[in-house]
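Enquirer: From the sequence below, what's the structure:
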Amino acid sequence: MRISCLQENLSRGLGTVGRSVAVRSTLPVAQNILLVAEESRLKLVATNLEMATTCWVGAKVEEEGSITVPARLLTEFVNSLPNELVHIEMPAGGRTVQFTCGRFQAHVNGIDAEDFPPVPDVSDGVTAEVEADGLREGISRVSMAAATDESRPVLTGINLEFEGERLTLAAADGFRLAVYKLPLAKAVDGKTTVIVPAKTLNEVNRLLGDQQDPVHVTVNDQKSQALIRLNNAEIVTQLIQGTFPNYSQVIPTKYDTRAVVEVGEFTRVARMGSVFARDASNIVRLLITPGGEMKPGKITVTAQAEEVGDNTGDLDALVDGNEAKIAFNVKYVLDVLGVVKQSQVAVEVTTPSSPGVIRPIGSDNYVHVIMPMFVQW
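Expert: Predicted coordinates:
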């Protein structure tokens, strides 16, 4: 193998695949990055056996070849090099790769490419095209609601439902539910539902950057693997097997009280309450009060921790319905307020023991449901 490429491009490529490297694995080669010199480019591949990321770096290839080298060592070394041409050489049949850049040189011992776990070929099955902006926003709006606890694997993923001209993303962890709908760039036949690990889609979101071209998603016929193709990378991921909860039953269809508030003010008051709530199971109480003839309605947010103290904050609201009270985990409230792009949200409440709903004003494709906390009023 004998190739050369710019340090900047190689560093960017290693950064693209780096998060797919296995952190802890009984298979040492899974902690390496596969380098393949082919045609006029260098292919970089990393896998943690659940997700594999591939990207290509423009290079001058004088002699083709392949090898795997330790990911962390290679990335740190390349990142410390000057922005000049990097020459990569390895004798045929060898396992030691020589990296040369300006006045710097390193020899890295690798493992044969044949020992690297093969990346599954996902070519047959259902294929969809998703607008990059919509996918980026959809992942950002729902991913925080996915569970991190592995006790219920289906909840650690994001449910993707392709139907006609629409894609619906949903995530839930048992305490909250986020649902986002977006149009597909090209309609699909029938209906296909899969559960993609939230970690994978967060990685897709990171790699999307400022891409404007549609993202191509292919799900194999067995619904066991999916290929997500971006402009500069491809991700092949294992899909989570199981049935996602019927979340449509959780979303309230009516409300007794609805309050429209400014996102900025709500965020400020909630963040203030979180300072006290963190010593009281993150609980904040919301009291929604309708306005009178000459005064606006309001939401009063209170947090109380016995050993620390308490605080109260009011914010103006346009209230429809009766007075209502409900308690939330303030972290969940701040999470949803942090991803809403609109300037106002509606808070919909039925009873103190029923789920509360937060919807952005001016958009009907996103809904966030939060289960209430049970408190003494």
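
Enquirer: From now on I want contacts and neighbour counts done on CA atoms only, so please keep to that.
Expert: Noted.

Enquirer: Return the distance of the helix or strand harbouring Val369 from the chain's centre.
Expert: Following DSSP states H and E, the helix or strand that holds Val369 is strand 366-370. Relative to the chain's own centre, strand 366-370 is displaced by 17 Å; criterion: Cα atoms, centre = their mean, to the nearest Å.

Enquirer: what's it in contact with?
Expert: With contact meaning Cα atoms under 8 Å, 6 or more residues apart in numbering, strand 366-370 is reached by 175-181, 250-251, 328, 332, 336, 355-360.

Enquirer: just the buried members of the residues you listed?
Expert: 175-181, 251, 328, 332, 336, 355-360 (16 or more other Cα atoms under 10 Å).

Enquirer: Against Leu42, how distant is Trp56?
Expert: Distance, Trp56 to Leu42, using Cα to Cα, to the nearest Å: 6 Å.

Enquirer: Got the phi and psi for Lys186?
Expert: Dihedral pair for Lys186: phi -150, psi 130, per degrees, to the nearest 10.

Enquirer: Kindly state the beta-bridge partners for it.
Expert: In this structure, Lys186 bridges to Glu129 when assessed by DSSP bridges.

Enquirer: Which ones among the buried ones among the contacts of strand 366-370 map onto strands?
Expert: Among those, the members falling in strands (DSSP state E) are Arg176, Leu177, Ala178, Val179, Tyr180, Lys181, Phe328, Gly356, Val357, Ile358, Arg359, Pro360.

Enquirer: Relative to Gln31, how far out is the closest residue to Gly65 other than its chain neighbours?
Expert: Excluding the flanking residues, the one nearest Gly65 by Cα to Cα, 6 or more residues apart in numbering is Met1, at 4.5 Å. Going from Met1 to Gln31 by Cα to Cα gives 21 Å.

Enquirer: quick one, which of the two is more surrounded?
Expert: Neighbour totals were compared for Met1 and Gln31, and Gln31 leads with 24 against 21 (other Cα atoms under 10 Å).

Enquirer: hmm, back to that, give the partner strands of the strand holding Val369 in its sheet and their orientations.
Expert: Counting by DSSP bridges, the strands paired with strand 366-370 are strand 176-186 (antiparallel), strand 356-360 (antiparallel).

Enquirer: Could you point out which of the ones you listed sits nearest Leu207?
Expert: strand 176-186 (19.4 Å; Cα to Cα).

Enquirer: buried residues in the very next helix or strand once past the closest one?
Expert: Under the assignment DSSP H and E, the closest C-terminal helix or strand after strand 176-186 is strand 191-197. Under the neighbour-count criterion of 16+ other Cα under 10 Å, strand 191-197 has Thr193, Val194, Ile195, Val196, Pro197 buried.

Enquirer: Which member of those residues is positioned nearest Ala106?
Expert: Compare each of the buried residues of strand 191-197 with Ala106 using Cα to Cα and the shortest gap goes to Pro197, at 37.3 Å.

Enquirer: Thr53 should be in a strand, yeah?
Expert: Yes: counting by DSSP: H, G, I helix; E, B strand; the rest coil, Thr53 is part of a strand.

Enquirer: Run a quick neighbour tally on it.
Expert: Neighbour count for Thr53, taken as other Cα under 10 Å: 27.

Enquirer: gap between Phe116 and Leu227?
Expert: Taking Cα to Cα as the measure, Phe116 falls 19 Å from Leu227.

Enquirer: I'd like the average pLDDT over the longest strand belonging to the chain.
Expert: Using DSSP E to define each element, the chain has its longest strand at strand 309-321. Summarised as a single mean, pLDDT over strand 309-321 is 95.

Enquirer: I'd like to know which elements it is packed against.
Expert: Applying 3 or more Cα pairs under 8 Å, 6 or more residues apart in numbering; DSSP states H and E, one finds that strand 309-321 makes contact with strand 257-262, helix 263-277, strand 297-305.
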